[in-house]
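# A predicted structure for the sequence below; I have some questions about it.
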Amino acid sequence: MTMLRLAFSFIICFLAFPCVSAHGYLAYLGIDDNQSYTNYTGNVPNADPSPSVIRQVSDITPVKGASNPDLNCGLNAQFAQKIASANPGDLLVFDWRGGDNTNWPHNTGPMLTYMTSCGSSDCTQYNSSSSKWFKIAEIGIVTNATSSNSPVWAQQSVMNGAFTNVTLPSTLSPGNYLIRHEIIALHLATDLGGAEFYPACSQVKVGGSQTGMAEDSEMVLFPGAYLDTDPGIYDPDVYSSNSYTFPGPPIAAFVTASASSSSGFSSSLTSSSPAPTATTGSTPGSSSSSSGAQTLCRLQMRTSSAGSDFTRRSLTRNSNMLLKTRVTHSWNGHRLRGLWGDVVTAFGVLRLRAIRVADGQSAS
């Protein structure tokens, strides 16, 4: 009876926190050059891998702690076998999924994109643990054009089924690169150490003949770029403030210069829901709010044609919206691991204790 009541108390605690329902991973990377669209499929975490350009992680659960070595490319990230081809100015389309292949489960926190050079060889065997990264895009709080321009996290649109779009800098030097796209979930970041990091690395060869590159002072290591005490990582006011301080370095100067000269942008959303207009900061300690500048992040609607390996998702055009239709697969093992991880986190952050009740006694 004691164990039964303990289990019942655990279930009640679990049901009281619907936000701890799942985690996720980067399922697809698309590259759009305005002439054609190529879609690259990632591997389900810990599944038997297929050749991909996305480095496979071992689990859907997040990286915890700013000094964790897995902050580099994700939990136990493995080398990928393929290389994507891209050119400066191409659009990168990131499709994040929950562990059961439904929509991304979180809605609070920024999305940031970094790059690092793999040197003269391709990235298939490149160890990035000591590599220097530069930032090319960031997006945090945006204004919701359908709700009196009220502020909302751009991550909410991903939860609603949107893709995250990042434009490769138009002056980027050719070469072999890892592209590190990261979601930071801040729903538990009111406590120190509560932030959840979801980095994902993709292997890309960039063509062209441009010469743009970040300065050494703009580059960072992972781990090393963040501290657990950074305002954008530990945020007691995350639910009560309309401003946000991005962690990490500023967006590299050559990226902002190329975006300004080409009237381009660095990060945006393709949404199946009403479109927000994005705002961003671009310097360390900068804030993203509903009144910020809109030169680097803005909504873009783009019709994409199906690539040859575009087998598990279809895009359809409906009026002025880009709608996404998904085939849902039930990966219960990954979902259960995500549930358990979140329950453990909730117990730790909220300092909950299981209630042990002996037979014949009542709980006080």
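Looks like it came in fine.
# only C-alpha atoms from now on, for both contacts and neighbour counts.
OK.
# burial measure for T229, as a count.
By other Cα atoms under 10 Å, the residues close to T229 number 12.
# shouldn't I141 be in contact with Y244?
Yes. Distance between I141 and Y244: 7.2 Å, which falls inside the contact criterion (Cα atoms under 8 Å).
# among these two, which residue is more densely surrounded?
Neighbours were tallied for I141 and for Y244 using other Cα under 10 Å; the higher tally belongs to I141 (30 against 23).
# show the pLDDT at the closest residue to that one other than its chain neighbours.
Of all residues beyond its chain neighbours, the one nearest I141 is W153 (4.3 Å), with distances taken as Cα to Cα, 6 or more residues apart in numbering. At W153 the predicted local distance difference test score is 96.
# can you pull the contacts of W153?
Counting by Cα atoms under 8 Å, 6 or more residues apart in numbering, W153 touches N107, T108, G109, P110, G140, I141, V142.
# output the residues you listed in TSV, with distance to P236 and secondary structure appended to each entry.
Listed next are the contacts of W153 as TSV, based on distance: Cα to Cα, whole Å; DSSP: H, G, I helix; E, B strand; the rest coil:
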residue	distance to P236	secondary structure
N107	16	coil
T108	13	coil
G109	13	coil
P110	15	coil
G140	16	coil
I141	16	strand
V142	20	strand
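# would you state the helices of the protein in chain order?
Along the chain, counting by DSSP state H, helices occupy 2-15, 154-159, 253-261, 332-350.
# can I get the second one as PDB, trimmed to CA atoms?
Presented in PDB, the C-alpha positions along helix 154-159 are these (Å, rounded to 0.1, in the frame of the first residue of the first chain):
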ATOM      1  CA  ALA A 154       9.700  33.300 -31.800                       C
ATOM      2  CA  GLN A 155      10.100  29.700 -30.400                       C
ATOM      3  CA  GLN A 156       6.300  29.800 -29.900                       C
ATOM      4  CA  SER A 157       5.900  29.700 -33.700                       C
ATOM      5  CA  VAL A 158       8.200  26.700 -33.900                       C
ATOM      6  CA  MET A 159       6.000  25.000 -31.300                       C
END
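# where does the prediction get shaky in the stretch 151-300 of the chain?
Of all residues in the stretch 151-300 of the chain, those with pLDDT under 70 make up the ranges 261-268, 270-300.
# and with 90 instead?
Residue ranges of the stretch 151-300 of the chain with pLDDT under 90: 258-300.
# now do the strands in it.
For the stretch 151-300 of the chain, strands defined by DSSP state E, counting those that start in this stretch occupy the ranges 163-167, 175-185, 196-206, 267-270, 276-278.
# would you mind giving those as TSV with distance to G98 and mean neighbour count added?
Rendered in TSV, the data for the strands of the stretch 151-300 of the chain read as follows (distance: least, Cα to Cα, whole Å; neighbours: other Cα atoms under 10 Å):
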stretch	distance to G98	mean neighbour count
strand 163-167	13	26
strand 175-185	13	23
strand 196-206	12	24
strand 267-270	18	27
strand 276-278	22	26
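# in TSV: the ones you listed, plus distance to L227.
Output for the strands of the stretch 151-300 of the chain, formatted as TSV (distance: least, Cα to Cα, whole Å):
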stretch	distance to L227
strand 163-167	25
strand 175-185	13
strand 196-206	12
strand 267-270	24
strand 276-278	26
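# of the ones you listed, which is nearest V44?
Nearest of the strands of the stretch 151-300 of the chain to V44, taken as Cα to Cα: strand 196-206 at 12.5 Å.
# can I get the closest one in CSV? Just the C-alpha atoms.
Extracted in CSV, the C-alpha atoms of strand 196-206 (Å, rounded to 0.1, in the frame of the first residue of the first chain):
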residue,chain,number,x,y,z
GLU,A,196,17.9,23.5,-21.5
PHE,A,197,20.3,23.6,-24.5
TYR,A,198,19.5,21.8,-27.8
PRO,A,199,22.4,22.3,-30.2
ALA,A,200,22.5,20.6,-33.6
CYS,A,201,25.4,20.5,-36.1
SER,A,202,25.1,20.1,-39.8
GLN,A,203,28.0,19.6,-42.3
VAL,A,204,28.0,22.0,-45.3
LYS,A,205,30.4,22.9,-48.1
VAL,A,206,30.0,26.5,-49.2
